[in-house]
Each structure stands twice: as structure tokens, then as C-alpha cells.
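Peer 1: okay, structure incoming, though there's no sequence with it:
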Ligand SMILES: Nc1ncnc2c1ncn2[C@@H]1O[C@H](COP(=O)(O)OP(=O)(O)OP(=O)(O)O)[C@@H](O)[C@H]1O
Ligand SMILES: Nc1ncnc2c1ncn2[C@@H]1O[C@H](COP(=O)(O)OP(=O)(O)OP(=O)(O)O)[C@@H](O)[C@H]1O
Ligand SMILES: [Mg+2]
Ligand SMILES: [Mg+2]
């Protein structure tokens, strides 16, 4: 099963085990894809061949030690890195094909803003690339600016923003194109806890409203448990998937969940898995 | 008291209230220093005039919402930004004077690695700037590389590292010159929780061993409470100091502290202060 | 800080005044001063007496420079965009590009005069001289983009064109303006040079030519300084937006990856080889085509075949080769020296703009004057100071070489992200340390671009020196051949010097690829 | 009356060297011959024979060596139909104080020579028994300063303006030695056309020579008037002071005048020129000259 035909929409095969739900189609398939970088000191295995399926409309959190290949996995899903072998398919298409449809939203680990564009115009950037009208989306952009708490900073340049503010611009930018697949690489890393919580809730709202298939890389275990349907725990050396843990809490989840004992139990379970103490499936 | 004479070593005036300890000298004095940036849309107050004293050998954590001026404060202390008014003195000297002594270590919010230098040579960079021998410090650099868990990556270029690995290089770099004043701007933001805890403990060890006066900007409330003698809570619009909270736990603190009820109480207290519910002194 | 700046500005003002005073004194009192370095007051008086002529000649030169500048830079920018979008095209046209730039004026000038009338010969010469530097600078800016931004564009399905339109174009603005800064004075230089040769009645070049035999150094210096002033104005206009552009264009944070350099990702070796072949053939093809189109008499304009035959066939071939070889043996070492020295001077001046910005600002006008002083007017002075030997030729080459290199370097230095500089500052590093450890490594791209740009130029500078000063080498050979209407020799010489320039250009490229890998 | 256009390529920028043509234009002498003369000034980059070859010019003033070597070595189809300067103003000019009185005196001296004249100058030295290696030769680029300041002992240049300039600027008197008088008799500013033009436009060429001669004759008579007049027209902006123009005009007239009128190209002169060419290594025949048009004036 090394090379899936590009157009072959895969049969349903839920990674999600809540049997009561109808089995949704799979949005992202990573099939035995690994990534080795050539360096001056020989090959460097960033990701051992891994397989992962993400159901349409589901929320998956990626968690794992620094350097275990989370960003690499995400970049592979976005088609920015080619897997050495195996296949990566989004909606049955190669990432290069899929992203041209404008259904992909992405926030990189590094904000990657255009230094000469204001906050507003940075957020509008994906629209321009996708050839959509910025004018028609002005309201939407202003909403997003408000959502990430940057009202009043519309005309600021990236050089005039704090680190956290830049990251928030990147979050808003990833949402502006109304993506149906959203890839977020530690988007809340530079935010304070209060803002982080707010953003978590907002992200859940957006995700629920639009059924956006979301992959979130995070170091916040609580955040992962709060937001995700499934948490993918990765391990390093070589980068691989150690365990996939389902999060059973009902939706919508409210901030109260953070203090629920079941929540803490799951967090502890995750922590253990991170420590390498989880059972490997 | 707008302009302190540069050589005037200030009298002891402990911000620390543990009366049993002898009052240590003050290492950093910020005296009514504010910072306003000129932007195209008029002035932007990043920091209202604030005052702060950091005792020699103490550990201060800075915490506050994104954009409240934490980085600006740190950059002011390093002499990278000039306050509009008021004075900033480290060890009774202007920061520009002080940093020439090679007693200052800093880790920026953004890793700021030089892309053409390997991990090893990035860490060695401050030594070269200070005119110290890199060769004589080879062992030290390798120790630091091991400390931040980058063994085997000595020769990697920044472009070949993950986000968290880059941040760790920056941490190692801030320690390489054996600074007696250490400024850390969210150094652990991109690290996973396990590594973060390890680094916290290591940082405490280094701090204790060398009596390094440390200012740490962080969004991790638990981290702040675990590490600091005092937590400075800031608020935004305009950036200002809302409250300074003393952390009374005995040293050395062990990871067990994280599950101590007093610890949680203090964290909650801090959270409340962050929410703006704390009493303003 | 501001206080410090005013103080250093005041010091510079004082220095300038002192300089003028010394000049005045020497120019008034010493015999050689009177003859070769007339006092400022005499220059001014002469200027005043000639004011009506300055109006007539100056206006013509300004007009010619502006039109030449506009044509040259417009073509340059367009070409740079095309070359950026289609890297293969750049490779294929490299031969033509360098040939256009490296063609000795001694060959181009007479041809332009033959084919164009009115102000066009000098206008086109200005445009030709402007094209390559402006194109190189723009292309560099278009190519050196932050890899992080490329990722953003790619994930939104952007292609080469969207990347170009939204990222590269804006990101290249600082370099583009650097290109315009190089181009503006060169346009003036080209206009003056063209006017000097073309026999036109109006223009500072013809003013200079007619004033040369008058033995009135104050007049020559006046003309030189006046054209320098025009050039400096052009430079200044494009300097104005530079600082703001640099600060809004350089990244806020340091990218972990270096900008990907040379976007030549040719699919296969074969295509690359084909393009290199095209690069080699294209100039010759255009040469033949141009001749065919113009129906020029082969006595004046031999085709490629005739030129190669001249060098390798028939009874005179060996003698011709020997003559060129002998000339090259004299020219090349000096050109190499001039290139290195010119780059060194450019580097020192650019470094000064980091180490002692006020001083650099103060020195720049002098450097600009040296670059724009018509070399013919400088000759007696150069002879006085350097004699007519190697030193004089190297000096002339340096004058020609350093300016474009300086602007490119300075531009590169200005683009270093703030974060990198901060890092040095917090460890109390001096400006020198910042230069050595951050600024220079960061701007290797610009460093090599500067070297590539001026590699052909050094040869041109030496040719000029040989023509005016030393009377040896290739420059002299070309000049004498012109007097004998020996166009076979002239074109052969031009061909050889162009080939050498291409080789120098490629050598720098090779060095860059090795260093930046 | 109908006029036919005739493009005339001059050899240098506007100065008194071309007075006669200016007069002929301004006073309508060409028009009277049915010619509409388009005067194209010269300059360092202008190569008059090349203008003939490209058809940019119908008539050109050329220098002997340039034209002859093109004819001899490249087979260029040129014909010389007249000669403005019977004696070329090419000279070795030195300060009176230097004591250089003949070419022989140049031994051990530094001479600035335009690279273009270098070959001829070397021959000149040889003819006068001077070993060229005993003279230090440096390039000369129109500027009299080196001579005035003593950087060089002598320069090779036209004697029509340099002696005056040197005296004006330095107060030192300058002498000159004509090449013509030192073993290299040749003319300057040869009226040159291509074989085709000669064949097809003979009448126009004769008209051109006639009108030009009339212009020069007028100059010889009333030169001062025209010098004054041209200060603001033909000579405007050329850097000459009125004094320099006057000197130039006066100095050149004896070199142009000939009993048979300006442009005369008698057989003796042709022989001289051919002989001189042979001395500098260029072999041409009488065929390069055609003095039959002058006879028709
Ligand atoms: N371009 C590259 N060349 C060589 N090695 C690379 C490259 N990119 C990534 N790596 C290596 O691949 C591994 C995984 O990197 P990746 O960025 O995916 O980690 P990560 O899980 O995102 O870590 P973090 O949480 O620190 O961001 C790392 O060990 C890194 O050194
Ligand atoms: N160069 C600048 N020009 C204009 N405004 C600036 C500049 N630098 C910072 N600011 C503003 O100053 C305020 C404080 O910025 P600072 O970077 O200190 O925040 P911070 O507390 O570090 O935030 P974060 O946690 O997001 O890093 C922000 O509102 C920012 O917009
Ligand atoms: Mg990552
Ligand atoms: Mg910050």
C-alpha cells in the first residue's frame, strides 16, 4: 500500500471509536510516510515511517517532546516537505493539489509575517494569494483582528508588535481563508494563560461552527485535552507516534472542564504517555 | 530622583521581605522609566513610567498579558531601548557600561541564532564578542549543549533544528559567559512540559550555584512560582506593574513542590492578579 | 545620542571647512596647485564667468542623463523581473548581459555615433552603462527572499508568479533603490562620456572636450564638480527612501534558514548545459544579426566569423594574437589589482558607514566626486600624485570600481535584522565586532553581488587608464587600432576583453557557490 | 531653386579650423551651387571614414594615415579629392626655455604624444636620426597643462592653438617644429569621398569644393569679422576665448593657402604625401587621389 492512487477517496475507517456517531470520511491520510534529512554529517531521521488518519471534521492534537518531528509531520501534510516514501493525502489529493483549492489554513511555529505589511494586510495575505477579494472580506478580517485581541493595531507593522501579538496575527491569518483543513503549529506558545484559554475556547467555536478538520501541535497537555477529539503522542529518536488517546468529553466543552477531575486524570494519563510510560498500541 | 548618578551604589532597600536574611545590595534599579514608541499613527505607550528594584542574587519572574511591555522592560534593562525618562541602572552603572563587562547574559524571545553558525558556534558567539577564548571554553560549551539536550547536534545549523531546539541553543548561549545578571525572555515557550520542568530545575541549580541575579519573563504561572523569589505581575494598556508577589518557599525547591497545596494556592492568587483582581499596591 | 550626532556632525563640518581652507591655500600659493588643483575660489569665479554656458551645457547633460537613466533602468527592472521568474532565461542571457556591460566604450562610442543622431548616441551610452548594475541589484533583491515567506505562499497554493508579485517584488525594493542609486551617477557619467566623444555641441562632455586645450584648470574642475553635483543629486534622490525601506523590509526576527540564493534549480544537467551553450552562442548570434540588419561595411564591423578568422587564420593572425597577448599581459595584472583594491576601498567605506556613520557620510561626497570627475580632467592630477605607472592605472581602476561595489555593500549592510545587531550589543560588542561577526557574514550575498558587478568594470577602468595615462596594454592597442581604422583588431580586442570579463564574473560566481554552500 | 542634400562629416568640434565651411553655409555659397549642406561636427569618437562607409556622410574630412591604411590594408573604396591643409599643423611644441630647436634636441626628453600619432612620431624621430628609445613618450590627451607645468618637455599637437594657450596661461613662450618641415611632408583634413559618390555625384562634389573654397577665400579676407560673428553662433560654448580663435585663424592660414587656391592637390603634393605614407609603412598609389575635380572649379 505504498502509493495510494491520488483520486481514490478512501473507504471509511474510523480512527475515532465513538461507535454511536456515523463514521465520517477521512480527511488526512498519512501512510507509512517518513522523512530523513540529508545533512553534512549524514542522514538525519526526523520521522520514522508513520501512519495516521484524521477524520473529516475532527480535531487532533499532536504532542511530543521537542524535536520529535511534529512540525515535520505538519509540513508534510501541507506538502512543504516530501516524504521519503509512503504517501500523504488530504481529501484524497496530494497536498500540492489540495492547497490550491484554498481549503487549507496554516499557522507556522514561527509567525512568518511579511515585514512590510500591516497587521490587516498580513491577515489579508492568503486571500490575495488565493485570488479572492480583500474588500469583500474586510469585515471578516476586522472580526479576526478583534478575535485575537489586536483591535487598534490594524495598521501596525510586525516590527511594532510584541512576540505574542505577532503570533496572534499568524493565528488570524490562518483562519482568514475559511479553511476546511487547519494546521496549527504551536500557535499559542507565546500567549499568556488567560489569552490562551480565550483563544482555546474561540478555536473550539470556530472549529465546531465550520467542521474544520484541525491538527494542532501543542506543548500544553491541558490544551490538547480540552480541544481535541484525539491526542497523538509522539516520541523522539526517531520521531514516531507512540500512542493515540481518545478524548471522550462532550462538546461544546466549557472552561469548567479544566477543573473537572476526569480532565486531570486524562492529563496525567497523557503526561505518563509522554514520559514513555503509556502502552504502545 | 530622575537621574541617579551613575556611580552611586544605592543603599539597601529590600523588595524582598524575608526579614531574617541580611539585606542584599540591589542589582537592577528601574526608576520611573517609561517607554513610548513613535509610530506612524502617533505615539504608542509601551510602558508607563515604572519602578522596580531587583536585589543581587534574587530571581524575579515577570508575568503579564501579551503586549504589556515585558520584553520592552527587559530590553530596557539590557540597554537595547532607551527609556523616555527616568533611569535604568545595573550595579549602579548604565546598561551600556555594564554589558561591556561581560556580566550580562540574555536570551531573547525569538531565538535569534545566526543562521550561518553551527549550534556550537552560536553558543560560543558571546565569548567571541567578549573577546574570550572559545578554545578555553570548549568543555563548558559542550556541557551546556548537553544540559539543553542537544548532544549530537553540535554541528547542526539553525535551519536544521526544530523550533524548540533553537530555543534551547539560545538558552545555552545566554549561560555561556557565566553571567551574573541573566535576562530571559520566555526561554521555555517552545519546550514540552517535561523538558520545561527539567530546564526549570537546571535553571534553579545554575542560579543558586552562581548567585545569578535573574529576570525571567514567562507565561507559565507555575514556572514563575516554582522559580522566583518574587513575581512581578504586569498589566497592559498602558504597560505597568500591577503587583509584586513574594514567593516564600524554601530553597532548593524540588519538583514535588508542583503538587503542594500552598503552591496551587499561590498560583491561583497569581492568576487572580493577572485577571486584574489583585490589590494594586 | 542626538547630542552625540550633532557633535560629530559639527566635527565633520569643521573638517570640511579645514579641508577647503587647505585646498584654497595650496591652490593659491603653490605652482602645481595653481596648475592642477586650482583653489575653490578660482573655480567658483570661473564658474560664475561661465554661468550661461553651464546653463546650456548642463541642461543638455541633465536631459540626456535622465532619459538614458529612464531607459536603462526600465529595461533593467523588466529584465530582472523576467530573469527572476525564468532563471533559465537569466543563464541564457548572461553572456549578452555581461557583453553589454563589458564592451569597451572605445568600441561602443564610435558605433553609436555612426547609427544615431542628435543626443541619442550619448543617451544610449548612458542607458547601456546603467543597465547592468541596475539589473544586477534588482535581481539580487528579487532572489534573496526570506524562506519563511515562501512557505506561507506555497501553502496557500501560490506559485512562482504569486510569490513574485506579493513577496519578491516588494522585498526587492531596497535593492532596487540601491540599483537606482548606482545607476543615477553612472547615467551622468555615461552622458558626459558620450558627449565627450560624439561631437555634439551641447553637454558637459563637449564643454569639457572644448575646454581641455584651453589650459584653464579652474574651468575643468568646475565642469567636473558640476557634473559630480548632478550625479550626487541623482544619488541623493534615491537615498531618501532607503532607510525607511530597509527598516520595513528586513525581517523582524532572524530566519533560521539563510535566504535561498540563486534560484537556478534547473531540472536536469542537460537543460543547464543547453542554457550555458545558449549563453555562449547568443551574443555571437545577436552580433551577426545586428550586422545583418545594419548592413555595416565589414571594414568597420566585422562579424564573429571574420573576427575569429582574424585571430586564427591568415598571415596576420599570429601577429594579431601576439599583439593582443602582449597587451593583455600588461593589462590583466593591473585589472586584477584594481578589482581587489576597488573592492577593498568599497568595503572600507561601507564598513565605515557601520563603524563611523558620520565620517562615512562626510567621505561619501568626496568619493562621489572622484567617481564622477571626468577622468580626463583628473589625468594631470593623477600623474602628479601617482605618476604614470602601475599605481596610476590601479588608481583609475579603483575609481571606476569602488562606487557600485560600495552601494551594493552598503545596501547589504543595511538589511541586517535588528535582532542580530542586538545580540552583539548586549554583550557590549563594539561596532567593529558587529561588523565582523554579524554584518559581513549576513551580507555575503551582497558582497558577492558587488564583486560580480565590478569584475568586468575593473578591466574597463584599466583600459581607460592605458588610453589616457600609460599608453600601454589593451587600452592603447584599441586606441591605436582605431587610428588605423583597424576594426578587425578592435573587435578582436573587445571580444577578448569581454571573454575575460565573463570569466571573471563566473569565477566570482563559483567562489560564491563554494563559500555559501 | 531646388537644392540637393549633401552630408558633410567634419573631423572635430566647431572651431576656427572649419571657418571656411561655416562661411559657405551662412553666406549661401552652397545653396548657390544647389547644395543643402548638412554639417556634422566631429569628436574623439567620430571616425569620418566610417561615416563614409555607412553612408552617414557623403563627404568627409579625414586624416591621411587613417584613410590610407584603410585603403591599403582593407581595400576601402576611398578617394581623396582635395586637401585643406597643404602642410599639416602637426608639430612638436615645446617651451622656448627648454631650448628644443630641432627634433634632434628631443633626445633624453619626455614627450607627450597622442597615441594615434605615435607611429608617425616614431618615424619622425627615426628620420631625424633619433633613436626612439632615447625619448620618453607618454600619452597626451589634449590638455596643455603638463607642458606648462614642466611635467613633459614637449608635446605633439597642432600648433594652431597650443602655443597661444601656453603663453596665456603660464606666460612662457612656446616654439613649434612642424612635422612637415622635419622630413614628413604631408597634408591634413583631406576631402574624402567614396568611389560611388565620386561616380554618381561628381557635379555636387565640384560644387562643394567651389563653394567651400569661396568660403575660405572670404575667411582669408575678412576673417576677423566672422570670428566675431561666430562667437555667438558656430563657436558658442566651444571654450575658445576670442584671442585664441584669432590666433588659431591666423596660424592656420599659411598652412592652407596655395597659389592654386585652397584644397589644391597638385602632383607634387600627392607625391609628398605618398612618400610620407611609405615612410610610416603604408603603401598606396596615386589612385587614392583624384585631383580632376579641382580642375573643374
Ligand atoms: N531541514 C532540516 N535538516 C536537517 N534536519 C532537520 C531539518 N528540519 C528538521 N530537522 C530535524 O528533524 C527533527 C524534527 O524536527 P521538527 O521541527 O519536526 O521537530 P518538532 O517536533 O516540531 O520540535 P519542536 O517542538 O521543538 O518544534 C529535529 O531533530 C530536527 O533536527
Ligand atoms: N518598535 C516598536 N514600535 C512600536 N511599538 C512597539 C515597538 N516595540 C513594542 N511595541 C509595543 O509595545 C508594547 C509592548 O511590547 P512588548 O514586546 O514589550 O510586549 P510583551 O509584554 O513582551 O508581549 P509578549 O508577551 O507578547 O511578548 C506592544 O503593544 C507593542 O505593540
Ligand atoms: Mg516544531
Ligand atoms: Mg515579549
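Peer 2: Structure received. Computed from a predicted structure; not experimentally measured. Ligands and ions are numbered 1, 2, ... in the order given.
Peer 1: so where's the chain uncertain?
Peer 2: Since no chain was named, I'll use chain A. Scanning chain A with the threshold set as pLDDT under 70 gives A:1-23, A:277-281.
Peer 1: wait, I meant chain C there
Peer 2: C:1-5, C:258-267, C:374, C:376-377, C:517.
Peer 1: could you rerun that using 50?
Peer 2: Where chain C drops to pLDDT under 50, the residues are C:1, C:261-264.
Peer 1: which segments of it make up each domain?
Peer 2: Domains of chain C are assigned by automatic domain parsing as C:21-254+C:266-288, C:302-517.
Peer 1: for ligand 1, find the nearest of those.
Peer 2: Of all the domains of chain C, domain C:21-254+C:266-288 sits nearest to ligand 1, with 10.3 Å by Cβ to the nearest ligand atom. For glycine as for every other residue, the C-beta is placed from the backbone atoms N, C-alpha and C.
Peer 1: as CSV, the domains of chain C with distance to residue A:176 would be great.
Peer 2: Formatted as CSV, the domains of chain C follow (distance: least, Cβ to Cβ, whole Å):
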stretch, distance to residue A:176
domain C:21-254+C:266-288, 10
domain C:302-517, 26
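Peer 1: which stretch among those domains comes nearest ligand 4?
Peer 2: Judged by Cβ to the ion, the one of the domains of chain C that comes nearest to ligand 4 is domain C:21-254+C:266-288, at 11.6 Å.
Peer 1: anything in whichever strand or helix holds residue C:453 near chain D?
Peer 2: Assigned by DSSP states H and E, residue C:453 belongs to helix C:444-465. No. Against chain D, helix C:444-465 shows no contacts by Cβ under 8 Å from any Cβ of the partner chain, the least distance being 9.8 Å.
Peer 1: any bit of the next helix or strand after that helix sitting next to chain D?
Peer 2: Moving toward the C-terminus from helix C:444-465, the next helix or strand (DSSP H and E) is helix C:473-483. Yes. With Cβ under 8 Å from any Cβ as the criterion, chain D is reached by helix C:473-483 at C:476, C:479-480, C:482-483.
Peer 1: burial check on the spatially closest residue to residue D:112 that is not a sequence neighbour, number of neighbours?
Peer 2: Closest residue to residue D:112 apart from its sequence neighbours, by Cβ to Cβ, 6 or more residues apart in numbering or on different chains: residue D:140 at 3.5 Å. Neighbours of residue D:140 under the rule other Cβ atoms under 10 Å in any protein chain shown: 25.
Peer 1: ramachandran coordinates for residue D:140?
Peer 2: When read as degrees, to the nearest 10, the backbone of residue D:140 gives phi -130, psi 130.
Peer 1: list the contacts of it.
Peer 2: When contacts are counted by Cβ atoms under 8 Å, 6 or more residues apart in numbering or on different chains, residue D:140 touches D:112-114, D:146, D:152, D:155-157.
Peer 1: before we move on, the earlier item: now tabulate the domains of chain C in a markdown table and tack on mean neighbour count and distance to chain A.
Peer 2: Output for these, formatted as a markdown table (neighbours: other Cβ atoms under 10 Å in any protein chain shown; distance: least, Cβ to the nearest Cβ, whole Å):
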| stretch | mean neighbour count | distance to chain A |
| --- | --- | --- |
| domain C:21-254+C:266-288 | 21 | 4 |
| domain C:302-517 | 21 | 8 |
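Peer 1: now those domains as a markdown table including distance to ligand 2?
Peer 2: Formatted as a markdown table, these follow (distance: least, Cβ to the nearest ligand atom, whole Å):
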| stretch | distance to ligand 2 |
| --- | --- |
| domain C:21-254+C:266-288 | 9 |
| domain C:302-517 | 9 |
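Peer 1: figure out which of the ones you listed is closest to residue B:217.
Peer 2: domain C:302-517 (15.0 Å; Cβ to Cβ).
Peer 1: looking at the stretch 151-297 of chain D, what residue ends up closest to ligand 1?
Peer 2: Residue nearest to ligand 1 within the stretch 151-297 of chain D (Cβ to the nearest ligand atom): residue D:151, separated by 64.4 Å.
Peer 1: okay but that residue is in contact with residue C:381, surely?
Peer 2: No. Counting by Cβ atoms under 8 Å, residue D:151 does not reach residue C:381; the two are 10.9 Å apart.
Peer 1: kindly list the longest helix within chain D.
Peer 2: Counting residues, the longest helix found in chain D (DSSP state H) is helix D:202-230.
Peer 1: from the chain's centroid, how far away is that helix?
Peer 2: Relative to the centre of its chain, helix D:202-230 is centred 16 Å away, using Cα atoms, centre = their mean, to the nearest Å.
Peer 1: could you do stretch A:66-82 as well?
Peer 2: Relative to its parent chain, stretch A:66-82 has a centroid offset of 11 Å by Cα atoms, centre = their mean.
Peer 1: name the residues of that stretch that are buried.
Peer 2: A:66-81 (16 or more other Cβ atoms under 10 Å in any protein chain shown).
Peer 1: over to stretch A:207-219?
Peer 2: Using 16+ other Cβ under 10 Å as the test for burial, stretch A:207-219 gives A:207, A:212-219.
Peer 1: as a markdown table, those with distance to ligand 3 and secondary structure would be great.
Peer 2: As requested, the buried residues of stretch A:207-219 are exported to a markdown table (distance: Cβ to the ion, whole Å; DSSP: H, G, I helix; E, B strand; the rest coil):
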| residue | distance to ligand 3 | secondary structure |
| --- | --- | --- |
| A:207 | 21 | helix |
| A:212 | 21 | coil |
| A:213 | 20 | strand |
| A:214 | 17 | strand |
| A:215 | 13 | strand |
| A:216 | 12 | strand |
| A:217 | 6 | strand |
| A:218 | 10 | coil |
| A:219 | 10 | coil |
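Peer 1: among these, which are in reach of chain B?
Peer 2: When contact is defined as Cβ under 8 Å from any Cβ, the buried residues of stretch A:207-219 meet chain B at residue A:219.
Peer 1: show me where the stretch 101-250 of chain D has helices.
Peer 2: With DSSP state H, counting those that start in this stretch applied, the stretch 101-250 of chain D shows helices at D:118-127, D:145-149, D:162-170, D:195-200, D:202-230, D:242-256, listed in chain order.
Peer 1: ok, residue 110 - contacts?
Peer 2: In the absence of a named chain, this looks at chain A. Residue A:110 touches B:163, C:148, C:253, C:255-256, counting by Cβ under 8 Å, 6+ apart.
Peer 1: oops, wrong one, chain D.
Peer 2: D:135-138, D:151-154.
Peer 1: same deal with residue C:453?
Peer 2: Residues near residue C:453 by Cβ under 8 Å, 6+ apart: C:132-133, C:136-137, C:404-405, C:408.
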